[in-house]
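In: sequence unavailable; structure follows:
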């Protein structure tokens, strides 16, 4: 059973994770795409693995705080795969998109 303090911690983690994701969206709003097709697929696989790890081995379904946190963090690779924009790649000036397809 989840107590009142556990619920507050879970809500706090959810809010902080949401703010991180919104900050990434704001940073990438005016970025060029820099995530290639293979990288996109690998990020989706990573996101699925993180969701699975958070919900099952780390007991996120039983409201375990680390499990919920890992499951929420999995939204970041999904977001990068969907938008094909990675702020870390932007910082290091990396692009995995072939040069002839970068501005499509």
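Out: Alright, I've got the coordinates. The structure presented is a predicted model; accordingly, all values stated were derived computationally and were not measured. Residues are numbered from 1 along each chain as shown.
In: the closest residue to residue 65 other than its chain neighbours in helix, strand or coil?
Out: Nearest residue to residue 65 in three dimensions, chain neighbours excluded: residue 9, at 5.8 Å (Cβ to Cβ, 6 or more residues apart in numbering). Where you see a C-beta, it was placed from the backbone N, CA and C, and this is true even at glycine. Three-state call for residue 9 (DSSP: H, G, I helix; E, B strand; the rest coil): helix.
In: pull the number of nearby residues for residue 9.
Out: Per other Cβ atoms under 10 Å, the neighbour tally for residue 9 reads 16.
In: so where's this structure uncertain?
Out: 1-4, 6-7, 21-22, 24-29, 102-104 (pLDDT under 70).
In: center of it, which residue is that?
Out: Central residue check for the chain by Cα atoms, centre = their mean: the C-alpha nearest the mean position is that of residue 76, 1.0 Å away.
In: gap between stretch 48-61 and the chain center?
Out: 14 Å (Cα atoms, centre = their mean, to the nearest Å).
In: how about the helices of this structure, start to end?
Out: For the chain, the helices defined by DSSP state H occupy 4-28, 37-55, 65-73, 75-83, 87-91.
In: the third one to helix 37-55, inter-axis angle?
Out: Translated: helix 65-73. 160 degrees (axes from the mean of the first three to the mean of the last three Cα atoms, to 10 degrees).
In: what is the burial count for residue 68?
Out: Neighbours of residue 68 (other Cβ under 10 Å): 22.
In: list the contacts of the spatially closest residue to it that is not a sequence neighbour.
Out: Nearest non-adjacent residue to residue 68, counting by Cβ to Cβ, 6+ apart: residue 60, 4.9 Å away. Residues near residue 60 by Cβ atoms under 8 Å, 6 or more residues apart in numbering: 54, 67, 68, 70, 71.
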